[in-house]
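A.B. asks: sequence first, predicted model second:
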Amino acid sequence: MKLTLSVGYGIGVLLQIQGQAQDGPLTAARISRGCRFPPRFLYRILRKLVDAGLLQGTSGPGGGYALARRPQDITLLDIVRSVESGVEPAMLEAVCPAHRPAIAKVNELCQRSAEQFAEGLSHVSLADLERLDAVEPRRARGRVKAR
């Protein structure tokens, strides 16, 4: 299955917000600090995450974006579904009538693969991803640069 850049942005936005949750709602400018989110695209992703119920948006002074659910209750599947249409496989059409059984088999395999992929995504939470991010900086600090 192929995920788009939008999914990466969605994951990045949610990790940024979760990583700074103690500071209250974050503005789009704060979310994008230190990241490569295209500004106009960032607002589209934020809107999709709010519409999906993964984020809360608050207007006015002191407003911004905050997680609408606990990190352990937001799965990768939730993120993919909010940013993309889901993990639906592309279905092929037979170009020749005689090839319909072969193409049907390919479509069956693609469908099964998409279901397994979705199942796997449903078992990884934002909290799981955050723990991975917390481990990586420690590893980087422990490395000695070769000269």
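C.D. replies: Received it, and whenever you're ready, just let me know what you need.

A.B. asks: can you map out the helices along this protein?
C.D. replies: Along the chain, counting by DSSP state H, helices occupy 5-19, 28-32, 39-51, 76-83, 100-121, 126-142.

A.B. asks: so Ile17 makes contact with Ala68?
C.D. replies: No. Contact criterion C-beta atoms under 8 Å: Ile17 and Ala68 do not qualify, at 10.2 Å. Every C-beta, even on glycine, is put in place using the N, C-alpha and C of the backbone.

A.B. asks: more neighbours, those two?
C.D. replies: Ile17 (24 against 15; other C-beta atoms under 10 Å).

A.B. asks: gap between the more buried one and Glu130?
C.D. replies: According to C-beta to C-beta, to the nearest Å, Ile17 and Glu130 sit 11 Å apart.

A.B. asks: what's the answer for Leu67, then?
C.D. replies: Remark: distance between Leu67 and Glu130 (C-beta to C-beta) = 11 Å.

A.B. asks: mutual contacts of these two, please.
C.D. replies: Gln18 (C-beta atoms under 8 Å, 6 or more residues apart in numbering).
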